[in-house]
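> just a sequence and a predicted model for now, questions to come.
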Amino acid sequence: MEWAIVVLAVGVIGITVLVAQGRGGEMPPEPVSDSYEPLIPDPIEPATLDEASFAVVIRGYDMRQVDELLARGAEELRELRRERDDLRAELDAGAGPEVRRLEPQPADGE
């Protein structure tokens, strides 16, 4: 009878250790991708950030936070490009401030 209790206790301890290590029913490993596909093409457009999506994984990021960051980045990129285009248009139209060319002056000691 004592042997049965010892064997049962050892079995319970062994099963507990296996479960604690994740071997009792762990999830299969994620498949390995053997081909590289760039996530974001060059150049980055605001639409690229709007349409970006990421694979959902167990140990991944909070999808809401990623979506908010991408939306903010896309909007800032749109804003910067609008500002750049406006400045280029002003420059092409000659609407910028008047610029005088300075001639070199001799130094005081010469």
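Nice, thanks for sending it over. Bear in mind that the values here come from a model prediction, so they are computed numbers and not experimental data.
> roughly how far apart are residue 57 and residue 63?
11 Å (CB to CB, to the nearest Å). Placement of C-beta: from N, CA and C, glycine included.
> of these two, which one has the most company?
Remark: of residue 57 and residue 63, residue 63 carries more neighbours, 11 against 8, as counted by other CB atoms under 10 Å.
> what mean pLDDT does the longest helix belonging to the chain have?
For the chain, the helix with the greatest residue count under DSSP state H is helix 63-93. Mean pLDDT, helix 63-93: 88.
> quick one, what contacts the residue nearest the centre of the chain?
In the chain, the centroid-proximal residue (CA atoms, centre = their mean) is residue 66; its distance is 7.4 Å. Applying CB atoms under 8 Å, 6 or more residues apart in numbering to residue 66 gives the contacts residue 54.
> could you pull out the buried residues of the longest helix of the chain?
Using 16 or more other CB atoms under 10 Å as the test for burial, helix 63-93 gives 70, 73, 74, 77.
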